[in-house]
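J.: turn this into a structure:
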Amino acid sequence: MKKNYIFTLLLMFSLISTSFGQELLLNGGLENWDSDTEPTDWTKVEETTKESTEIHGGSFSAKHVGGTKDLGQTIAGVVAGDSYTITIWYKVVESDGSDARIWSYWKDDANTSVTDATTDDALRGPADGYLDNNGGAWSKYEVTVTAPTGATRFYFELRTYSGAITYWDDLSFFKNTTASLKENTIEGFTTYPNPVTNNIFTIKSNSSETKEVSIFNVLGKRVLSSRFSGIQSNVDVSSISAGLYILKVTEGTKTATSKLVIR
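T.: Numbering: from 1, shown residues only. Got it, this is the predicted structure:
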């Protein structure tokens, strides 16, 4: 009986993992290093060292010293029209407000940049600006984008500027499922913090259209539902026990789905 229970749990989490697509960024957690200055699988590495004290998750992060220095990796297997979620955890400890940003591009088979007015702002800056320093605290930048026509690769690059030190960790370029593509993923969809540690998390998108929010447990039972209008709103989950859940947000004909961890 115990063996059957364990098997059921493993199968359940396997199905949940499969239903949420595929991670395409290699060594996004920065746990593997070829040397103290070379994170495994990263192809452009400037002024970067292995860090074991200032970390967001796991045992290591990447310490990145500025001077317009880059940390980059080219990702193959991108499919035009498919939906991808980019997640970046970062901490800026020396700052003047113009210290670090994502600086990424879609690429074609010839490795030429593919411009896309719909997603370019999210991939560079954001909006040709800089990541919010948030007083030197670990912070999350996350956005869901759709690969434009002609894109077959993605160049994932992070940049730190002169006078700044940035720690990068728990990076992700995640291919969402076919189902979510048919549902037409919400542009600019973001949730934070995740994991939720103080019973409140925020949902945000680019549109002020009314949003229907549902949270399901791993057995598929809906445990919370709500709705709001506007670009963003806080969601109170104090009535839900700690654990792993599935968050589904519907905005008109568009839908975004993600894992949600409550602690």
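
J.: now the end-to-end length of stretch 120-137.
T.: Distance between the boundary residues of stretch 120-137 (C-alpha to C-alpha, to the nearest Å) amounts to 26 Å.

J.: in it, what's buried?
T.: Along stretch 120-137, the positions that meet the burial threshold by neighbour count (16 or more other C-beta atoms under 10 Å) are 120-124, 126, 130-131, 133. From N, CA and C alone the C-beta is placed, and that goes for glycine too.

J.: identify, from the residues you listed, the entry nearest to residue 195.
T.: Comparing the buried residues of stretch 120-137 against residue 195 with C-beta to C-beta picks out residue 131 as the nearest, at 20.5 Å.

J.: count the neighbours of the closest residue to residue 262 other than its chain neighbours for me.
T.: Setting aside the residues directly before and after it, residue 262 is nearest to residue 196 in space (C-beta to C-beta, 6 or more residues apart in numbering), at 4.8 Å. Residues within reach of residue 196, counting by other C-beta atoms under 10 Å, total 21.

J.: gap between residue 196 and residue 261?
T.: Taking C-beta to C-beta, to the nearest Å as the criterion, residue 196 is separated from residue 261 by 7 Å.

J.: over to residue 127?
T.: Here the distance between residue 127 and residue 261 works out to 29 Å (C-beta to C-beta).

J.: equivalent analysis for residue 225, please.
T.: Residue 225 is 19 Å from residue 261, where distance means C-beta to C-beta.

J.: likewise for residue 58?
T.: 16 Å.

J.: okay, now residue 40: neighbour count?
T.: Using other C-beta under 10 Å, residue 40 has 12 other residues around it.

J.: one more: residue 68?
T.: By other C-beta under 10 Å, 11 other residues sit near residue 68.

J.: what's the neighbour count on the residue lying closest to it once chain neighbours are set aside?
T.: Ranked by C-beta to C-beta, 6+ apart and with sequence neighbours excluded, the top spatial neighbour of residue 68 is residue 161, at 5.7 Å. By the measure other C-beta under 10 Å, the count of residues near residue 161 is 17.

J.: my read: residue 161 touches residue 97, true?
T.: No - checked against C-beta atoms under 8 Å, the pair residue 161 and residue 97 is beyond contact range at 10.4 Å.

J.: separation between residue 123 and residue 231?
T.: For residue 123 relative to residue 231 (C-beta to C-beta), the value is 20 Å.

J.: what of residue 57?
T.: The value you get for residue 57 to residue 231, if C-beta to C-beta is used, is 28 Å.

J.: could you report the neighbour count for the nearest residue to residue 37 once chain neighbours are set aside?
T.: Counting by C-beta to C-beta, 6+ apart, the nearest residue to residue 37 once its immediate chain neighbours are dropped is residue 49, at 5.5 Å. Neighbouring residues of residue 49 were enumerated by other C-beta under 10 Å; the total is 15.
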